[in-house]
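> Here is my input; please provide its structure:
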Amino acid sequence: MNIHESAEDYLEAIMMLQEEKGYVRSVDIAAHLNVTKPSVSFAMKRLRENGYIVMDEENLITLTEQGEAIAHRVYERHKVLASFFVQIGVDPATAREDACKIEHDISEKTFEAIKAQLN
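Numbering: from 1, shown residues only. Here you go, the predicted structure:
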């Protein structure tokens, strides 16, 4: 699964919005990620072409099995890292921001070690 960081962010946002609202539209993604609607349109086109999402006739966005697997992996990393940072004394807002930066680049070995520390 070799995918760009920005695509991972979009897939993660789709998963989070789906959990929160029960549906996802491009405008919701734009607001969530603080990006322009044209940027979201371009990204959705690429994600659709690569088989990570589908859009229905009402333009509601759904993750495919492949897209959901990537989103779940990134979202899990985000939650675990943010929790770890809070446990070591980082304020929650900074912990979430830093988790967003690190979730894409941390090795699986280091991530698993952090997970083990939390358990």
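
> And what about the nearest residue to Glu5 once chain neighbours are set aside, helix, strand or coil?
Spatial nearest neighbour of Glu5, chain neighbours left out: His104 (4.5 Å); criterion: Cβ to Cβ, 6 or more residues apart in numbering. The way it works is simple: take the backbone N, C-alpha and C, and place the C-beta from them, glycine included. Secondary structure, DSSP: H, G, I helix; E, B strand; the rest coil: His104 is coil.

> and His104, what does it touch?
His104 makes contacts with Glu5, Glu8, Val74, as judged by Cβ atoms under 8 Å, 6 or more residues apart in numbering.

> Can you select the buried ones from the residues you listed in ChimeraX?
Selecting only the buried entries of the contacts of His104 in ChimeraX, with 16 or more other Cβ atoms under 10 Å as the criterion:
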select :8,74
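
> Show me the contacts of His104 that map onto helices.
Glu5, Glu8, Val74 (DSSP state H).

> Quick check: which of the residues you listed has the minimum pLDDT.
The lowest pLDDT within the ones in helices among the contacts of His104 belongs to Glu5, which sits at 87.

> Could you check how far Arg25 is from His4?
According to Cβ to Cβ, to the nearest Å, Arg25 and His4 sit 22 Å apart.
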